[in-house]
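Visitor: quick one, what's the 3D model for this:
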Amino acid sequence: MEIHWLFLLTGLIAVIGDFVVPYLLGKKYPNYSNLRDTISTLGTSQSPVRRQLSYWLITTGTLLLIFSVGHLFVFTDCSWEHMLYILGLVVFGIGSILAGIFPEDVRGSKETVSGKIHGISSGLGFMFLAFNPLWMFLITENINVEIFSLVFFLMGIFSFVVFLVLYKKGRSRFLGLWQRVNLAILYLPLIVNYIVPIL
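Guide: As a prediction, the model looks like this:
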């Protein structure tokens with residue numbers, strides 16, 4: 001049982017840190033706004049904390065990969081739903097690591113290879129993770145959180161679409177807020193759906 005809680009602690013550090021670390025780094029970046037600016041903005045070439053964000057993205061991605069391994073000890077079956085759930089975590093973790101290695105471009109500048117890799121890896125990570133509540137809804141051993149998983153799946157898709165629309169339109173007063181709302185909606189089911197089977 002103890003190993004379950006160690007994996008849970010790893011997941012909690014990654015999830016909570018993904019809000020706390022960018023918030024603290026943002027305070028060291030003049031004119032940066034957690035409401036307006038995306039987390040990736042902290043990693044652009046103009047940012048005084050670009051290295052710190054890079055290290056954190058690599059760290060959180062690694063922690064989530066470790067957390068994904070923990071699910072192998074929690075799940076009692078290996079159906080396609082279980083594997084897709086773990087895959088969602090793995091893709092998101094790898095996407096975070098790649099986003100840390102290849103920083104985002106400054107908004108409005110010419111797209112570089114680094115910026116393209118950052119965008120693709122981050123986008124794929126978010127999309128794969130967004131479907132995790134749906135896979136958990138289909139996993140029969142988690143009937144206690146079926147409605148919870150379905151609701152958060154719909155909320156996750158909605159908030160991700162809103163974030164993409166705002167991002168495509170350019171600078172928005174609440175772009176950063178919507179990204180963090182989407183993250184919270186995607187992260188909460190990960191923790192809840194991990195805890196329920198081990199209680």
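Visitor: can you pull out the helices in this protein?
Guide: Remark: helices assigned in the chain by DSSP state H are 2-26, 50-74, 80-101, 113-130, 132-138, 146-169, 175-198.
Visitor: now do the last one: which elements does it pack against?
Guide: Yep, that's helix 175-198 we're talking about. Contacts defined by 3 or more CB pairs under 8 Å, 6 or more residues apart in numbering; DSSP states H and E place helix 175-198 against helix 2-26, helix 50-74, helix 113-130, helix 132-138, helix 146-169. Yep, even glycine has a C-beta here, placed from its N, CA and C like the rest.
Visitor: ok, now with 6 Å
Guide: helix 2-26, helix 146-169 (3 or more CB pairs under 6 Å, 6 or more residues apart in numbering; DSSP states H and E).
Visitor: these: which one's closest to Tyr194?
Guide: Nearest to Tyr194, of all these, is helix 2-26, at 6.0 Å by CB to CB.
Visitor: what about this protein, any weak spots by pLDDT?
Guide: With pLDDT under 70 as the threshold, the chain has low-confidence stretches at 1, 140-143, 171.
Visitor: again, 80 this time
Guide: 1, 76-77, 107-108, 140-144, 169-172, 197-199 (pLDDT under 80).
Visitor: turn the helices and strands packed on helix 175-198 into JSON lines, columns for distance to Leu72 and mean neighbour count.
Guide: Converted to JSON lines, these look like this (distance: least, CB to CB, whole Å; neighbours: other CB atoms under 10 Å):
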{"stretch": "helix 2-26", "distance to Leu72": "9", "mean neighbour count": "17"}
{"stretch": "helix 146-169", "distance to Leu72": "19", "mean neighbour count": "17"}
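Visitor: okay if I get those helices as a markdown table plus distance to Ile39?
Guide: A markdown table is the format used below for those (distance: least, CB to CB, whole Å):
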| stretch | distance to Ile39 |
| --- | --- |
| helix 2-26 | 5 |
| helix 146-169 | 11 |
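Visitor: closest to Leu183 out of those?
Guide: That would be helix 2-26 among the helices and strands packed on helix 175-198, by CB to CB, at 6.4 Å.
Visitor: how about the helices and strands packed on helix 175-198, which one is nearest Gly93?
Guide: Of all the helices and strands packed on helix 175-198, helix 2-26 sits nearest to Gly93, with 8.5 Å by CB to CB.
Visitor: who are the packing partners of that closest one?
Guide: helix 50-74, helix 175-198.
Visitor: among those helices, single out whichever gets nearest to Asn34.
Guide: Taking those one by one with CB to CB, helix 175-198 is closest: 5.4 Å.
Visitor: go through that closest one and flag the buried ones.
Guide: 175-183, 185-190, 192-194, 196-197 (16 or more other CB atoms under 10 Å).
Visitor: related to what we said a few turns ago, now render the helices of the chain as a markdown table, adding distance to Thr41.
Guide: Compiled in a markdown table, the helices of the chain are given as follows (distance: least, CB to CB, whole Å):
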| stretch | distance to Thr41 |
| --- | --- |
| helix 2-26 | 9 |
| helix 50-74 | 9 |
| helix 80-101 | 12 |
| helix 113-130 | 11 |
| helix 132-138 | 26 |
| helix 146-169 | 11 |
| helix 175-198 | 8 |
